[in-house]
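Peer 1: After the sequence you'll find the predicted model.
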Amino acid sequence: MTSKIVYFTVSGREEQAEFTAEDTAENVRDIFRSAAEANESDILKLYNCHGNLINISQRLAENSPEDRYRLEVVAAQYSGATVAAELGLDVGTLEKRLEELERRIVVERTEAPDIVHDMSRKVDALREKLENLDHLSWLGLYKDLSSRASLQPFWNKSNHSAESPEKCRHVLDKVNRLCQVQVTKEVREYLRKPSFDNWQWDDSEMIILLRQMFIDLDLITKFNIEMPVLVDWLFEVYRRYNDVPFHNFKHCFMVAQMMYGLTWLIELPKKIDDLDVLTLIVSAICHDLDHPGYNNAYQINARTELALRYNDISPLENHHCSVAFEILENRDRNILRNLDPDLFKRFREGMIRCILATDMAKHNEILKNFKSAVSAGFDISTKEHRDLVMMILIKVADISNEARPMEVADVWLECLFEEYFNQSDAEKLEGLPVAPFMDREKVTKPASQIGFIKFVLLPLFEALGDLFPVITEGIISPVQKALEYYTEMQQAFELEKKRQEEGRDPPAAPGTGGQQGDNCVVKGQKLKGQTTLSRSVQQGGVQNSAERREGGSQQNSHQAKVA
């Protein structure tokens, strides 16, 4: 069995470690922990000669005594429960109470009482105090890693501009602090799952999780990406996403997270080369940069600057690409600055192709070409087929919310309808055409989702499943259950409407309520994920379908810890 020897320094001492490829990552970490005379609860960080953070695992590359790694013992590990006990409080409970108050204010469009603002400032101050404690990170404290969502989306409905400078400074400060600690193994494994719940993580934490994707895929080492440059790039990407209900930084993160999960699930690094993996991850992160919250149809019909600039051809997607490469023009934020010019050219071509593929106007054409290739005998080693599968992968990641747990997906659906309604309201005021599926006076939640899942999602997901059957259980089955759920919801609505008519009760006008409530016709400023039908309907198919979609069981909540 071949041994591997690596050389490193720790606390000014020169050390060397010997292990084999058969050793587990934990065994290798134990070797380094022994060399550093560190406790099991201490955090170890290993840097290469370029100063980049690298994983401590059996895959660690051999080096020479002249090219030693640097090992640091960073901190002792604390659990959220320990910190809370020492402080005599439960910060998680405080946050949830505050978030519930904010949710009510946002949904009801009322002014927040002064006491709410005061409480928000106090909670922020408390979190800041905790984050500044030596060797303590907020990342991983009080996070529920089960598949059940607990938080709700909050957005500024009166201002859809970029994030404020004050908020950006706060996010950057927190990111810089969180960079000093490692993400736990538990969180890293959870990050690979389709059930990931973004509503439990704030923007700065999501930036750190995006950074972790680059680390765990070993893109840092393979493309010589300096860690400070990666962080600066991620922050600038965050800053260039707008504060709109749906196409915001959280959506960017969720698309990247699904792409990251698919990368591990399908074992993409064994099927395509490293540059293509990098292209997919970066494309997912950048695919909606500077989205204004109004789609291509609006841009073209309103003859906006973007539509004129790009001649009505995928104006938004072209703009997203342009902004992405504009960010890379700054050397301090160019994560590809060490890339060979020929490789950069290939990366640029691939990223443009992937982002332009997210224009739904091209959906049928791309899907048709992919299906034909699979039927004829798919060969991923050819450039044509590799380009096709990369376009399909980013399309799947982009519209994958219905593959997630209901509590996560329903909140995203609320965000999407909010953005649709904002656009349709503007279109009515400007005398522009309004798409029925975006009109608050016409669209119904179940009918909208039935059509989208049946004619867009499932054909796309199943086509990818024909090539990679491994995605069936975790990606395709949840979408099929979602279709069952919305179909039975629609049947329940129709049954209730028929009962009203037979009872000679005038049916409620679209969106005005009645027994069907606010949720039969998705209308106005209130949009909820659950139905408010009569008791007999609630006890029928809709509720049962929801239970089936959840698999009839709940995962136990558990807390993430700083590793």
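Peer 2: Sure thing, it's come through. Residues are numbered from 1 along each chain as shown.

Peer 1: and the gap between Gln491 and Glu484?
Peer 2: 11 Å (C-beta to C-beta, to the nearest Å). Any C-beta I mention is one placed from the backbone N, CA and C, and that applies to glycine too.

Peer 1: One more: Arg337?
Peer 2: 49 Å.

Peer 1: Then Glu402?
Peer 2: 12 Å.

Peer 1: more crowded one of these two?
Peer 2: Set side by side, Glu402 and Glu484 give different neighbour counts by other C-beta atoms under 10 Å, the larger being at Glu402 (25 against 16).

Peer 1: what bits of the stretch 1-150 of the chain have low per-residue confidence?
Peer 2: Residues of the stretch 1-150 of the chain meeting the criterion pLDDT under 70: 1, 75-92, 102-112, 127-150.

Peer 1: Helices of that one, residue ranges please.
Peer 2: Along the stretch 1-150 of the chain, the segments classed as helices by DSSP state H, counting those that start in this stretch run 25-35, 80-87, 91-108, 114-131.

Peer 1: Spatially central residue for this structure, please.
Peer 2: Closest residue to the average C-alpha location of the chain: Met254 at 1.4 Å, with C-alpha atoms, centre = their mean.

Peer 1: Which helix or strand contains it?
Peer 2: Take DSSP states H and E as the rule and Met254 turns out to sit in helix 249-266.

Peer 1: how far does that helix sit from the chain's center?
Peer 2: Using C-alpha atoms, centre = their mean, to the nearest Å, we find the averaged C-alpha position of helix 249-266 to lie 6 Å away from the chain's own average C-alpha position.

Peer 1: Tell me which helix or strand comes right after it.
Peer 2: Along the chain past helix 249-266, the next helix or strand (assigned with DSSP H and E) turns out to be helix 274-286.

Peer 1: What's the mean pLDDT across the next helix-or-strand element following that next one?
Peer 2: Using DSSP H and E, the helix or strand that follows helix 274-286 in sequence is helix 296-301. Mean pLDDT, helix 296-301: 97.

Peer 1: Adjust the sequence numbering to begin at 34 for everything that follows.
Peer 2: Yes, from this point I'll number from 34; that puts the last item at helix 329-334.

Peer 1: Could you look up the next helix or strand downstream of helix 329-334?
Peer 2: Scanning forward in sequence from helix 329-334 by DSSP H and E, the next helix or strand is helix 338-342.

Peer 1: so who does the nearest residue to Ile486 once chain neighbours are set aside touch?
Peer 2: Excluding its sequence neighbours, the residue lying closest to Ile486 (C-beta to C-beta, 6 or more residues apart in numbering) is Leu516, at 4.6 Å. Contacts here follow C-beta atoms under 8 Å, 6 or more residues apart in numbering; on that basis Leu516 touches Gln482, Ile483, Ile486, Lys487, Leu491.

Peer 1: Mind putting those into TSV with neighbour count?
Peer 2: Rendered in TSV, the data for the contacts of Leu516 read as follows (neighbours: other C-beta atoms under 10 Å):
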residue	neighbour count
Gln482	21
Ile483	18
Ile486	21
Lys487	13
Leu491	18
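
Peer 1: Out of the residues you listed, which is nearest to Lys401?
Peer 2: The shortest gap between Lys401 and any of those belongs to Leu491, at 15.5 Å (C-beta to C-beta).

Peer 1: Quick one: classify the closest one as helix, strand or coil.
Peer 2: What DSSP: H, G, I helix; E, B strand; the rest coil gives for Leu491 is helix.

Peer 1: Buried residues in the helix or strand containing the residue nearest to Ile486, which are they?
Peer 2: Mapping Leu516 onto the secondary structure by DSSP H and E places it in helix 510-535. The neighbour-count check on helix 510-535 (16 or more other C-beta atoms under 10 Å) flags 510-526, 528-530, 533 as buried.

Peer 1: Is the nearest residue to Ser97 once chain neighbours are set aside bridged to anything, and to what?
Peer 2: Take Ser97 and drop its neighbours on the chain: the residue closest to it by C-beta to C-beta, 6+ apart is Tyr40, 6.6 Å away. With DSSP bridges as the criterion, the beta-bridge partners of Tyr40 are Gln49.

Peer 1: quick one: Tyr40 and Asn88, what's the gap?
Peer 2: 17 Å.

Peer 1: How about Ser97?
Peer 2: Ser97 is 20 Å from Asn88, where distance means C-beta to C-beta.

Peer 1: Repeat that for Lys531.
Peer 2: As judged by C-beta to C-beta, Lys531 and Asn88 stand 61 Å apart.

Peer 1: repeat for Glu238
Peer 2: Taking C-beta to C-beta as the measure, Glu238 and Asn88 are separated by 20 Å.

Peer 1: These two: who's more crowded?
Peer 2: Per other C-beta under 10 Å, whichever of Glu238 and Asn88 has more neighbours is Glu238, with 23 against 17.

Peer 1: Is it correct that that one is in contact with Cys212?
Peer 2: No: when contacts are counted by C-beta atoms under 8 Å, Glu238 is not listed as touching Cys212 (11.7 Å).

Peer 1: Could you measure from Ala480 over to Leu77?
Peer 2: Using C-beta to C-beta, one obtains 54 Å as the distance from Ala480 to Leu77.

Peer 1: Show me the shaky parts of the chain.
Peer 2: Low-confidence segments of the chain (pLDDT under 70): 34, 108-125, 135-145, 160-195, 537-596.

Peer 1: will you turn the contacts of Leu516 into a markdown table that also has distance to Pro227 and secondary structure?
Peer 2: What follows is these, written out as a markdown table (distance: C-beta to C-beta, whole Å; DSSP: H, G, I helix; E, B strand; the rest coil):
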| residue | distance to Pro227 | secondary structure |
| --- | --- | --- |
| Gln482 | 18 | helix |
| Ile483 | 21 | helix |
| Ile486 | 16 | helix |
| Lys487 | 20 | helix |
| Leu491 | 16 | helix |
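
Peer 1: Dump those residues to CSV, plus distance to Val264.
Peer 2: Converted to CSV, the contacts of Leu516 look like this (distance: C-beta to C-beta, whole Å):
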residue, distance to Val264
Gln482, 38
Ile483, 43
Ile486, 38
Lys487, 42
Leu491, 38
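
Peer 1: what's the closest of the residues you listed to Ile427?
Peer 2: Relative to Ile427, the closest of the contacts of Leu516 is Leu491; by C-beta to C-beta it sits at 17.9 Å.

Peer 1: wait, isn't the closest one in contact with Pro511?
Peer 2: No: if you go by C-beta under 8 Å, Leu491 and Pro511 don't touch, sitting 11.2 Å apart.

Peer 1: which residue ranges form the strands in the chain?
Peer 2: In the chain, the strands defined using DSSP state E lie at 36-43, 46-53, 75-80, 86-87, 102-109.

Peer 1: Pull the contacting residues for Gln456.
Peer 2: Under the criterion of C-beta under 8 Å, 6+ apart, the contact partners of Gln456 comprise Gly326, Tyr327, Asn328, Tyr331, Met471.

Peer 1: Need phi/psi at the first one.
Peer 2: Dihedral angles phi and psi of Gly326 (degrees, to the nearest 10) take the values phi 90, psi 10.

Peer 1: and what of the third one?
Peer 2: Dihedral angles phi and psi of Asn328 (degrees, to the nearest 10) take the values phi -80, psi -180.

Peer 1: That one reaches Leu349, doesn't it?
Peer 2: Yes: checked against C-beta under 8 Å, the pair Asn328 and Leu349 is within contact range at 7.0 Å.

Peer 1: So the two - more neighbours on which side?
Peer 2: Comparing Asn328 with Leu349 by other C-beta under 10 Å, the one with more neighbours is Leu349, at 25 against 19.

Peer 1: which residue packs closest to the more buried one, ignoring adjacent ones?
Peer 2: Counting by C-beta to C-beta, 6+ apart, the residue nearest Leu349 is Asn329, at 5.4 Å.
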